[in-house]
Structure formats: structure tokens, C-alpha cells
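Trainee: based on what follows, work out the 3D shape:
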Amino acid sequence: MRSGGWRTFAPRVAGYAVLALLVACSNTPQQSATHTGEAMVAASDPLAVDAGLEMLRAGGSAIDAAIAVELTLGLVEPESSGVGGGGFLIHYSGDGAAIDAYDGREWAPAGATPDMFLQDGKALPFELAQASGKSIGTPALIPMLKLAHEEHGKLPWPKLFEPAIRLAENGFVVGPRLSKSLSDFQAVLDADSQARSIYLDAAGKPWPQGHVLKNPEYARSLRAIAADGPGVLTRGAIAEGIVAAARRQPRAGTLTVEDLQAFKPRRLDPLCAPYRIYRVCTMPSPSSANAMLSILGLYERARPQPDGPRNVQDWAAYVWASRLSYVDRDHYMADDRFVTAPTKELIAPAYLDARAKLIELSKGPPTIPVGTPAGDALRNKWGSEAMQEHGTTHLSVVDHDGNAVSLTATIESEYGSHRMAGGFWLNNQLTDFSLEPVVGGKPVANAVAPRKAPRSSMSPSVITDKQGKLVMVAGSMGGSTIIASVSRTIIGVLDWRQTPQEAVGTGAIFARTPDISFEASRMPKEMVDALRGLGWRMTADGLYSGTHVILVTPQGLIGGADPREEGKAVALPAQR
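Mentor: Numbers count the residues shown, from 1 in each chain. Sure thing, here's the model as predicted:
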């Protein structure tokens, strides 16, 4: 295993500092990284990583490995993602440097209404909105993965299911993270009959760390999907179970089998923007990953010669860039099939130039105005909202042929809607809509509508040089903090001379609102005090991330697995 230890691998990466770390201080063009034939998987659980490596050893592609990883994560990390949820995927083709974006974001049912999360004219408390049938969107992950596999897979579709089915039937050892999650959410598990039978013992206690946990119902669902494809989620017993769970009281939703059948995954053009001598490609709408690109663009303008994470000016620039980007994101971004979303306008060079003029590194701002990328008419059309979001998982893969996958998958909050079907948790993705359709007397762009996808923060990303050669694969979990985690990690590796492992472990700062959250356990006190001295309102928070990175260098692949989780980044040698 190589998880990015700079000193451990110094002999192999001796020439790497000039190649792929900080190049902003030099006018020398970057030497293109040449893929060495190695392969790597980075994800949040060792068993899931092993499933991906199994596919790569069998001659599978990056897509094959990613699917096996995610199916296993749905079993061993059930609180975060799975068959009952959705996701976004970025694919990089090693043979021609083509980049594709795959949209697997859930849709609201046809019966959804803008006011469905209101009670007596006020938004339902988030906990009630989440734990309900109202929050369940059409499961979209499997159809998206099938589409990506049809276009980029090498192994047969059923083979990708073998590791997860084997673990579900034979059992896997409950680790510390899952053990804590089961304990923390015992009441949630007890409230669902299927969850109770899987995760609690006869006395109603959560299975402890070290217990061999089995999920035969999940195995049956995977066998059906492996044999017959995504269609088994839109007709028959599994589909009927999904609908029954969604329409169950209290707070029943309107999901129907027809809604399940209506959803269609999409292959889209990625959203790309330059960053110094690189090109960063991520998801377009319904993701708001353009905010991640905006942070990078504004940071580049504020710090043309960055110094590193020990410099308060670098952090001040990052906080400023985050505040400016999140304000615009919360105001404008939504599913562009339904609203006019200035996705590209918010990252246009001229617009970022104008926004960057607001940045004063010597002080923090009292307020941040919404920008006008498409003119005052669009700005005045929408009301701004800044809901908090949760959940999710991320995995990164590079295969032996230089193909790469960045996949972020989610059921939204921990254990989704708190309802199960077919051995998997159903998402509460519809709470990513604004719970209030009108704010400040104006309609909200991200309001609920039938067959509309809720706005997402998921930012799976692929970074290349300007010749299209793969440099880095990155992404994270964490709800709306994903935008911050991914941008901070990219800056860490490309600007701050950090290894991938150092970058993913760096203390988090989340500047979505005027109260700037920071990860007290990892952010140095002197840096927090210095930012406070500039006028920023700093608040300690239990920020969490699950960022997984693969860096391509001429000497080999270097991985980073978020230390806040139990994952790993493992490389396979070049095939002979």
C-alpha cells in the first residue's frame, strides 16, 4: 500500500516537486505526467478497496473497479450511500483524454409539490422532513453505473457484484466506524423492521465491533440486479418494496412505480475550468460543483504566489474565495432543466476577475453581496437560501490503462430517509431542495418540482495538464462541505507542496456563512487566532470529510485516503 507518504517514497518522487506540486511560482511549463501502468483504488473502507482491486487484477477497467467498490460500500458503509441513492461520476479515458460526466441524481416524484415540506406555513424541522417518505427520490445510482459500464466497462456486469454478494452472504467484521454509527442511530434502526433484523440483536442492541454482520436481503437484491440490470428497481418485488416504504406513514410520500420507471441517467459534458497550469473538470448542473471551481479561480487571483498552510494570507484568501462562491451558489444554483442556472457564467474569467476585486486579505468582510454574472434581472428573480446538507461517500480509481473514475455517491443524510427496502437504505435526497419555496418574497431556484433533481454539492473531479494528461483524481463526502474539501485538497497538492495524504488530512475550514466553521482537532490554534485577528468569525465545529485522492506522477501513483475514515489507497504494479 502507498498512501502518499512523502518521506517514505522520497526516492521515487525526487523529481516530482517540479512536476506536479507547486508550479505557480515558476514560468516553466509543466512536464506532462506519463502513466506508468500502475493502478490504484482509494476509498473509505478497506473491504471496498479490496473489491475494486479484485476487479483490476481480473483485467477490469476503472469503471469495473469503481462499481465493485461502491456496491461493497453500500454494504459495509450503509449509512452513506448505496442502491437506494444516487451519485455523480467523472470518467477519464486514458487512450484519448476524453472526459465524460454521468448524472445519477434522484428525481422528485410526479406528485411532489413546492410546499410539501411545509407545515402550517413553516418548514418542517429537518429531522422530520428527513425521516419520511416525502424525502425519497427515485433511486438513480444503479442506472447511472450501468450506463457508464456499457460505455467503459471491460468485465461482465454480473462479475462486478461478486465481492459485495460474497460479503453480504458470508458476513464481514463490523469495524469501529460502523459500530459507532449503529450505536449512535440505534433508535433509527429500531424504527424500521428490516433494519432491526439486520443491525440489532435479539435484545434490540446494535451489533458490536467485531461482530460478523450478514445482509442476505441485500445479497438477493444484488443478485437480481446482476442478472437483470437496473430494471429490477423499476418493476417487480424490489420496486414495490421501495414504493411501499416511501408511501408508509407517518409523513408518507407520493413515489410510484411510474416515477421509478421515468428516471433516466444522463451522460453530460463535464464542467471544466483552468487552474494555474491545470484544467479541473467536474460535474455540471444539477451539481453546484461550479462553486468548487469558483473557489479555485478566486484563490488563484488572490494568491498568485501561494506559500502554504502555515501562512495566514493563504487561509484568508481561501476563506474569502469560499464566502464569495457559496453566496452565489446558494442564490443561483439548481437543476438547469427547470431554472436558468448561470453554471458557466459564475466561473467565467471576467466574472471571477470582478469578484476577486472584493477580496481584501488584511480583513474579513461584514457581508458578501450576491454577484451578477447574468445581470440584475436573474439576480432579482431568486431568493437566497443556505440549507445545510449531509452524508455521502467518495472513491477514486485509476486502472492499468490510465483510465480514471471519480465517483461520489450518496443517500444524503446518515441512513437516508430512515426507511429500508431490499436490504438497502432509501435516500432522503429531496431534503436537498429548499424546504421553503419562497424566501424574502421571491421564489427559490432550488424549490421542489415534479421530476426535478435537487441541487447537489457533490464534486467528483479529474485534473489534467493543459495537454490533457491525467494529473489527479479527487472528490469527497460531506454534504455542502464537499465543495470546500475538494477545493482545499486541490490547493493543498498543487499549490501548498503537500502530498495527497497530507492534503486530505489538513484541517477543514467551511465558510458558507459569516460564521466560519473550523475543525478544531486539526486546525492550529495560532492560525485560528490569526484569522480572528483579521475579523473573521471563527467557530469550532466537528467538521468531517471523506476525501480520496490519486496523484499521477512519472514515478508512479501516489494516493491519499482521508484519515477521518478507515479507508486506504492501494496501488497495483504495472501488468506484464
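
Trainee: show me what V462 bridges to in the sheet.
Mentor: Beta-bridge partners recorded for V462 (DSSP bridges): C281, V473.

Trainee: so what pLDDT did it get?
Mentor: pLDDT, V462: 98.

Trainee: before we move on, what about the one 5 residues further on?
Mentor: For Q467, the model assigns a pLDDT of 94.

Trainee: and it, how many neighbours does it have?
Mentor: Using other Cβ atoms under 10 Å, Q467 has 11 neighbouring residues. No exception for glycine: its C-beta is placed from N, CA and C like everyone else's.

Trainee: that one: which element?
Mentor: Assigned by DSSP states H and E, Q467 falls within no helix or strand.

Trainee: how about H211, what does it touch?
Mentor: Counting by Cβ atoms under 8 Å, 6 or more residues apart in numbering, H211 makes contact with V173, V174.

Trainee: how near is it to V174?
Mentor: 5 Å (Cβ to Cβ, to the nearest Å).

Trainee: check contacts around L167.
Mentor: Under the criterion of Cβ under 8 Å, 6+ apart, the neighbours of L167 are L47, T72, L75, V76.

Trainee: switch the cut-off to 6 Å
Mentor: L167 sits next to L75 when contact means Cβ atoms under 6 Å, 6 or more residues apart in numbering.

Trainee: one more: L56?
Mentor: L56 neighbours (Cβ under 6 Å, 6+ apart): A39, A65, D399, L572.

Trainee: and it, its phi and psi?
Mentor: phi -70, psi -40 (degrees, to the nearest 10).

Trainee: could you grab the helix/strand/coil label for the residue lying closest to F126 once chain neighbours are set aside?
Mentor: Nearest non-adjacent residue to F126, counting by Cβ to Cβ, 6 or more residues apart in numbering: T431, 6.7 Å away. Per DSSP: H, G, I helix; E, B strand; the rest coil, the local secondary structure of T431 is helix.

Trainee: now do the contacts for T431.
Mentor: T431 touches A129, Q130, S135, counting by Cβ under 6 Å, 6+ apart.

Trainee: now do the helices in the stretch 51-200 of the chain.
Mentor: 62-76, 126-130, 141-152, 162-170, 176-184, 186-191, 193-199 (DSSP state H, counting those that start in this stretch).

Trainee: let's have these in TSV, adding mean pLDDT and distance to N311.
Mentor: Listed next are these as TSV, based on pLDDT from 0 to 100; distance: least, Cβ to Cβ, whole Å:
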stretch	mean pLDDT	distance to N311
helix 62-76	98	36
helix 126-130	96	37
helix 141-152	98	40
helix 162-170	98	44
helix 176-184	97	33
helix 186-191	98	43
helix 193-199	98	46
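
Trainee: pick the most deeply packed of those.
Mentor: Mean neighbour count, computed with mean count of other Cβ atoms under 10 Å, is highest for helix 62-76 among the helices of the stretch 51-200 of the chain, reaching a mean of 30.

Trainee: the stretch 301-450 of the chain: strands as residue ranges?
Mentor: With strands called from DSSP state E, counting those that start in this stretch, the stretch 301-450 of the chain shows them at 393-398, 404-410, 420-421, 424-425, 438-439, 442-443.

Trainee: now mean neighbour count and mean pLDDT too, for those strands, in JSON lines please.
Mentor: Formatted as JSON lines, these follow (neighbours: other Cβ atoms under 10 Å; pLDDT from 0 to 100):
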{"stretch": "strand 393-398", "mean neighbour count": "33", "mean pLDDT": "98"}
{"stretch": "strand 404-410", "mean neighbour count": "32", "mean pLDDT": "98"}
{"stretch": "strand 420-421", "mean neighbour count": "26", "mean pLDDT": "98"}
{"stretch": "strand 424-425", "mean neighbour count": "29", "mean pLDDT": "98"}
{"stretch": "strand 438-439", "mean neighbour count": "16", "mean pLDDT": "94"}
{"stretch": "strand 442-443", "mean neighbour count": "14", "mean pLDDT": "94"}
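
Trainee: per-residue confidence at the residue nearest to F126?
Mentor: 97.

Trainee: and the longest helix for this protein?
Mentor: Criterion DSSP state H: the longest helix present in the chain is helix 312-332.

Trainee: residues making contact with that helix?
Mentor: Counting by Cβ under 6 Å, 6+ apart, 288, 291, 294-295, 298-299, 302-303, 306-307, 342, 346, 355, 359, 361, 368, 370-371, 382, 384, 386, 511-512, 530, 534 sit against helix 312-332.

Trainee: what is the burial count for L271?
Mentor: The tally of other residues near L271 (other Cβ under 10 Å) stands at 23.

Trainee: list the buried residues in stretch 449-461.
Mentor: 449-461 (16 or more other Cβ atoms under 10 Å).

Trainee: what two of those have the greatest distance between them?
Mentor: Farthest-apart pair in the buried residues of stretch 449-461 is P450 and S461; separation 30.9 Å (Cβ to Cβ).

Trainee: which ones among the contacts of helix 312-332 map onto helices?
Mentor: Reading helices off the contacts of helix 312-332 with DSSP H, I get A291, S294, I295, L298, Y299, A302, R355, A530.
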